[in-house]
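In: Please find the sequence and the predicted model below.
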Amino acid sequence: QVQVVESGGGLVQAGGSLSLSCIVSGRTSTPYIVGWFRQAAGKEREFVAAISWPGTATYYADSVKGRFTISQDNTKNTVYLQMNSLKPDDTAVYYCAADRGAWRSPVVVAEEYTYWGQGTQVTVSS
């Protein structure tokens, strides 16, 4: 049984940084794609970033490119999202999602991810 658990959200001032963690437990040796999505109040869920697991392929939404970095630690079954230069527009509930399979294009479609975490709130004050 694959489980996804996020942590690391919180309140930060604009320009600050936060690091989110996503533990994917129950994962087998088959390849996975792990993605981060976010949903702001009153808006639809949107793609943020994704990474191949194992592997090094990554993909970012244009809105976060150059500010956010997705990475993985296979020994800890954890995927990280380092968020720098945060803006008030980054305020949202951030979700981690995982799906079995090799890297594919596109990786931005939420409905194609099977396993989801409960979300963690990120609030950026101006």
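Out: All right, it came through fine. Numbers count the residues shown, from 1 in each chain.
In: pLDDT (mean, whole number) over the strand or helix carrying Q72?
Out: Counting by DSSP states H and E, the secondary-structure element that holds Q72 is strand 68-73. Taken as a whole, strand 68-73 carries a mean pLDDT of 96.
In: what do you get for stretch 17-33?
Out: On average, the pLDDT along stretch 17-33 is 91.
In: all helices for this protein, in order.
Out: In the chain, no segments count as helices under DSSP state H.
In: picking that back up, buried set for the strand holding Q72?
Out: Neighbour-count burial for strand 68-73, counted by 16 or more other C-beta atoms under 10 Å, picks out F68, T69, I70, Q72. C-beta here means a position set from N, CA and C on the backbone, and glycine is covered the same way.
In: With distance to G26 as extra columns, can I get those in TSV?
Out: Conversion of the buried residues of strand 68-73 to TSV gives the following (distance: C-beta to C-beta, whole Å):
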residue	distance to G26
F68	26
T69	26
I70	21
Q72	16
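In: Going by distance to T56, which of these wins?
Out: Of all the buried residues of strand 68-73, the one sitting nearest T56 is Q72; the distance, using C-beta to C-beta, is 8.7 Å.
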